[in-house]
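Visitor: what follows is a protein structure lacking sequence information:
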């Protein structure tokens, strides 16, 4: 493989990983921009989506039923957790306390997943029975186009929701002008509820579309939420395109470090670079004061 082919292979791998980081980061951004909460439990819903699809596929369920059941269970768990653990806490405690609560929620979900699903690594077959895509001597997984398309579809849908609908404007108003939103008849707590469910759905979809590419385990969630969180902060948490840029940049940095230096240090190198970047630009690359699609 020539250097050009190697660079192309690294870029394909980086963009694919970056899309997953961006999906998780967008979920984190949605919750923050509506409820002003940094929800560090989002990675666990990605884990749930990935693990449940793998479990259902190995149990003989069809692809459609496996995806539907995994998404339904993740959303139901998210609804229950918000109602029982976060609904009242979101109005009573400081941002730092809420971060710690969501961290506790993440550990709780991880523990339950270990008890119910076990510690075995799970895999799932590709959703489409097509051959790998060859670009010169570089190879693209048949799952990769689905990941790219899913990110594009989700971002377009959210852009329409937040930019063109009254519901989306109500969601934005709860963060930007909460008192004015109440005076206009918008229920902030209901909007917070909705933002959390949107984020859970995004993270679960991220897990569902990635599991054919990588093995799933009960402990994978925290790694993805850290990277999704960094992607949203570095890119600019108030803008979807910024979160996407942050996710892709992180994925490419990881892939470059793994391909040309060492896979053992890929995460360390990429995360260190992002932390240094935040020291010089705390608001992110495309940071803005208002949430923009």
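Guide: Received it, and whenever you're ready, just let me know what you need. Quick caveat: nothing in here was measured; it's all calculated off a predicted structure.

Visitor: show me the contacts for the spatially closest residue to residue 193 that is not a sequence neighbour.
Guide: Leaving aside its chain neighbours, residue 193 sits nearest to residue 82 (6.2 Å; criterion: CB to CB, 6 or more residues apart in numbering). From N, CA and C alone the C-beta is placed, and that goes for glycine too. For residue 82, the contact set (CB atoms under 8 Å, 6 or more residues apart in numbering) comprises 193, 196-197.

Visitor: could these go into a markdown table alongside neighbour count?
Guide: Compiled in a markdown table, the contacts of residue 82 are given as follows (neighbours: other CB atoms under 10 Å):
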| residue | neighbour count |
| --- | --- |
| 193 | 19 |
| 196 | 27 |
| 197 | 16 |
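
Visitor: out of these, who's nearest residue 100?
Guide: Nearest to residue 100 among these: residue 196, at 17.1 Å, using CB to CB.

Visitor: low-confidence regions, this structure specifically.
Guide: Applying pLDDT under 70 to the chain flags the ranges 1, 175-176, 178-181, 183, 283-293.

Visitor: what residues of stretch 110-118 count as buried?
Guide: Of all the residues in stretch 110-118, those buried under the rule 16 or more other CB atoms under 10 Å are 110, 113, 117.

Visitor: show the contacting residues for the last one.
Guide: By CB under 8 Å, 6+ apart, residue 117 lies in contact with 51, 55, 218.

Visitor: any idea how far it is from residue 43?
Guide: Residue 117 is 16 Å from residue 43, where distance means CB to CB, to the nearest Å.

Visitor: for residue 263, same thing?
Guide: Separation of residue 263 from residue 43 (CB to CB) stands at 21 Å.

Visitor: residues touching residue 132, list them.
Guide: By CB under 8 Å, 6+ apart, the contact set of residue 132 is 139-142.

Visitor: touching, residue 73 and residue 53? I think so.
Guide: No - using CB atoms under 8 Å, residue 73 makes no contact with residue 53, being 10.3 Å away.

Visitor: between these two, which is the more surrounded one?
Guide: Taking other CB atoms under 10 Å, residue 73 and residue 53 do not tie; residue 53 has more neighbours (29 against 15).

Visitor: tell me where this structure has helices.
Guide: Using DSSP state H, the helices of the chain run over residues 3-35, 42-58, 63-81, 89-92, 95-117, 144-164, 166-176, 178-183, 188-210, 221-235, 240-260, 266-280.

Visitor: closest to residue 128 out of the ones you listed?
Guide: Closest of those to residue 128 is helix 144-164, at 7.2 Å (criterion: CB to CB).

Visitor: how far does that closest one sit from its chain's centre?
Guide: In terms of CA atoms, centre = their mean, to the nearest Å, the centre of helix 144-164 is found 13 Å from the chain centre.

Visitor: which elements pack onto it?
Guide: In terms of contacts (3 or more CB pairs under 8 Å, 6 or more residues apart in numbering; DSSP states H and E), helix 144-164 is packed against helix 3-35, helix 166-176, helix 188-210, helix 240-260.

Visitor: quick one, domains of this structure?
Guide: For the chain, the structural domains run 26-116+141-219, 222-293, going by automatic domain parsing.

Visitor: and those domains as a markdown table, adding distance to residue 123?
Guide: What follows is these, written out as a markdown table (distance: least, CB to CB, whole Å):
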| stretch | distance to residue 123 |
| --- | --- |
| domain 26-116+141-219 | 5 |
| domain 222-293 | 17 |
